[in-house]
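>>> What shape does this take:
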Amino acid sequence: MKNFLTGNNKTTKLYTALANGERISASQAKKRFGIQNIGAEVSRIRQSGFAVYANRRMAGNGVEVTEYRIGTPSRRLIAAGYAAMAAGLV
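You can find the predicted model right below:
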């Protein structure tokens, strides 16, 4: 997989914002970075080994919003990754 951390593309911009502790919603990603499909960009970041979490919250206008953030993976998630590697799935 191509390293998305080099260059000045949309995935790099999203990753940089997330790595700086920001929580980014789909509408914010569209306005700030021109990202139409935040799920695809988040998937690219996850495939590069970063734990990106999706948290849902209720906005002030009553609409449910999904915000993405980078966090520390749980021990359970790391154990699942090792189990997949041991089973030859990865």
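
>>> Give me the contact list for stretch 54-64.
Outside of stretch 54-64, the residues within contact range by CB atoms under 8 Å, 6 or more residues apart in numbering are R23, V42, V65, T66, E67, Y68, R69. Yep, even glycine has a C-beta here, placed from its N, CA and C like the rest.

>>> Quick one: which of these is the most crowded by neighbours?
Counting neighbours by other CB atoms under 10 Å, V42 leads the contacts of stretch 54-64 with 25 neighbours.

>>> now the helix or strand harbouring that one, how far from the centre of its chain.
If you go by DSSP states H and E, V42 is part of helix 38-47. Its chain's average C-alpha position is 5 Å from that of helix 38-47, according to CA atoms, centre = their mean, to the nearest Å.

>>> Output the contacting helices and strands for that helix.
helix 10-19, helix 26-33, strand 52-58, strand 64-70 (3 or more CB pairs under 8 Å, 6 or more residues apart in numbering; DSSP states H and E).

>>> ok, now with 10 Å
Counting contacts by 3 or more CB pairs under 10 Å, 6 or more residues apart in numbering; DSSP states H and E, helix 38-47 packs against helix 10-19, strand 24-25, helix 26-33, strand 52-58, strand 64-70.

>>> Export the contacts of stretch 54-64 to a markdown table and append columns for distance to A59 and pLDDT.
Shown next, in a markdown table, are the contacts of stretch 54-64 (distance: CB to CB, whole Å; pLDDT from 0 to 100):
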| residue | distance to A59 | pLDDT |
| --- | --- | --- |
| R23 | 12 | 96 |
| V42 | 19 | 94 |
| V65 | 5 | 94 |
| T66 | 11 | 95 |
| E67 | 10 | 96 |
| Y68 | 15 | 97 |
| R69 | 16 | 97 |
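
>>> Look up how far R57 lies from A84.
Relative to R57, A84 is positioned 31 Å away (CB to CB, to the nearest Å).
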